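Chemist: Pasting the sequence and the predicted coordinates here, then a few questions.
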Amino acid sequence: MYEQSKTAQVADEMQRYKLDILGISECRWIKSGKIRITSGHTILYSRHNDKHQSGIAIMISKDKIKTLLEWEPISDRLIRARLNSKYCKLTIIQCYAPTNDAEEEVKDEFYEKLQMVVSNVPQHDMLLIMGDLNAKVGTDNTDCEIFMVKHGCGIKNGNGERFIDFCLNNNQMIGGTIFPHKDIQKLTWKSPDGRTTNQIDHITVNSKWRKSLQDVRVCHGADVNSDHYLLKAIIKLKLRRNPKKQETKRKIDVEKLKIPDTRKSFNLKLKNRFCKKVLLLLKIFKKGGTRSRKCILKPPKKL
């Protein structure tokens, strides 16, 4: 993603698939910020300060950027954005979790930060957690039937157990296990040799808004030279443009004019201001010559 041509390629695929919001894991940029590219898309990114490693981003279309309320770069693995909609606010947390082989301390730190971010999300918001979680959840949904259906893929790994426990504790439904698609429409990653495929990218929604999640499936046509496939979710939610801030009219306390000192000070300031305007008009009148005098002194035409 740090290559300019790659960013344009991602924007083209986003337009082709008619995506309003796109989460990007491992963008490998430096520092954090907000940029608008030539296609009109806006990219919010959170990344490492020194190295082209990890990094996370959310890309928003030209139309939907008007609904953005706030955003927060949390780390090179987490970023949060909040958008306005007709019935509720939408909070999106884009993730890039450590791999299953990473040290336990690194995994603990990631989920602690994620939990802290989720805990600060307003209770009435629709919450979407998405990205490369490096978690295989499998098909076994014993003791977690409410938040996970049997339509996952593969066998659960250590990261999968962590992710499922996190979803149980935060009332998040794992979208990739809900819809009965073929495996080819659920497997999100392939190994460099093309022999191994796994379902490690996920999109979750809080159970309160489960019915708004219409579909989750993999799109194999999107080509950005990545070992991950595009995971697309259809969400029934009408985003709404942020209302313009109304200018507050300055109130004048007329009662203060009853105080002699205040009234005297007000009259003096009003007189000085009026005199300055009269002097300015006289200067214009003198510089303009006879022509400007005729224009100023000429009476208005009768209607």
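Modeler: Structure received. Residues are numbered from 1 along each chain as shown.

Chemist: Which secondary structure element is home to I164?
Modeler: Assigned by DSSP states H and E, I164 belongs to helix 158-169.

Chemist: what about the helix or strand following that helix, average pLDDT?
Modeler: Next in sequence after helix 158-169, counting helices and strands by DSSP H and E, comes strand 172-174. The average pLDDT for strand 172-174 rounds to 96.

Chemist: now swap in stretch 87-95 and tell me
Modeler: 94.

Chemist: tell me the mean pLDDT for the helix holding I164?
Modeler: 95.

Chemist: Any idea how far that helix is from the middle of the chain?
Modeler: Computed by C-alpha atoms, centre = their mean, to the nearest Å, the chain-centroid distance of helix 158-169 equals 25 Å.

Chemist: buried residues in it?
Modeler: Neighbour-count burial for helix 158-169, counted by 16 or more other C-beta atoms under 10 Å, picks out N159, G160, R162, F163, I164, F166, C167. In this view, the C-beta of every residue, glycine as well, is placed from N, C-alpha and C.

Chemist: now do stretch 230-243
Modeler: Buried residues in stretch 230-243, counted by 16+ other C-beta under 10 Å: L230, L231, K232, A233, I235, L237, L239.

Chemist: Grab the most central residue of the protein for me.
Modeler: Nearest to the geometric centre of the chain sits A81, at 3.4 Å (C-alpha atoms, centre = their mean).

Chemist: where's the closest residue in space to it that isn't next to it in sequence, which helix or strand?
Modeler: Nearest residue to A81 in three dimensions, chain neighbours excluded: W71, at 4.2 Å (C-beta to C-beta, 6 or more residues apart in numbering). Take DSSP H and E as the rule and W71 turns out to sit in strand 68-73.

Chemist: Then K113?
Modeler: Using DSSP H and E, K113 sits within helix 104-119.

Chemist: Can I get that helix in PDB, CA atoms only?
Modeler: Backbone C-alpha positions of helix 104-119 (Å, rounded to 0.1, in the frame of the first residue of the first chain) are rendered in PDB as follows:
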ATOM      1  CA  GLU A 104       1.700 -15.000  24.000                       C
ATOM      2  CA  GLU A 105       2.600 -11.500  25.400                       C
ATOM      3  CA  VAL A 106       2.100  -9.900  22.000                       C
ATOM      4  CA  LYS A 107      -1.300 -11.600  21.600                       C
ATOM      5  CA  ASP A 108      -2.300 -10.500  25.100                       C
ATOM      6  CA  GLU A 109      -1.300  -6.900  24.400                       C
ATOM      7  CA  PHE A 110      -3.300  -6.800  21.200                       C
ATOM      8  CA  TYR A 111      -6.600  -8.200  22.800                       C
ATOM      9  CA  GLU A 112      -6.200  -5.900  25.800                       C
ATOM     10  CA  LYS A 113      -6.000  -2.900  23.500                       C
ATOM     11  CA  LEU A 114      -8.900  -4.100  21.500                       C
ATOM     12  CA  GLN A 115     -11.000  -4.700  24.600                       C
ATOM     13  CA  MET A 116     -10.200  -1.200  25.800                       C
ATOM     14  CA  VAL A 117     -11.400   0.300  22.500                       C
ATOM     15  CA  VAL A 118     -14.600  -1.800  22.500                       C
ATOM     16  CA  SER A 119     -15.400  -0.800  26.100                       C
END
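
Chemist: Now that helix: average pLDDT?
Modeler: 96.

Chemist: Now do it: which elements does it pack against?
Modeler: Under the contact definition 3 or more C-beta pairs under 8 Å, 6 or more residues apart in numbering; DSSP states H and E, helix 104-119 sits against strand 78-84, strand 89-96, strand 126-132, helix 158-169.

Chemist: okay, how far is it across stretch 229-243, tip to tip?
Modeler: With C-alpha to C-alpha, to the nearest Å as the measure, stretch 229-243 spans 36 Å from end to end.

Chemist: Which residues outside that stretch are in contact with it?
Modeler: Outside stretch 229-243, the residues that touch it by C-beta atoms under 8 Å, 6 or more residues apart in numbering are 13, 17, 19-20, 64, 66-69, 83-88, 90, 126, 128, 130, 175-176, 187-190, 201-203, 205, 211-220, 222.

Chemist: next one: that stretch to chain centre, how far?
Modeler: 11 Å.

Chemist: where are the low-confidence patches of the stretch 201-303 of the chain?
Modeler: Low-confidence segments of the stretch 201-303 of the chain (pLDDT under 70): 244-251, 254, 257, 276-303.
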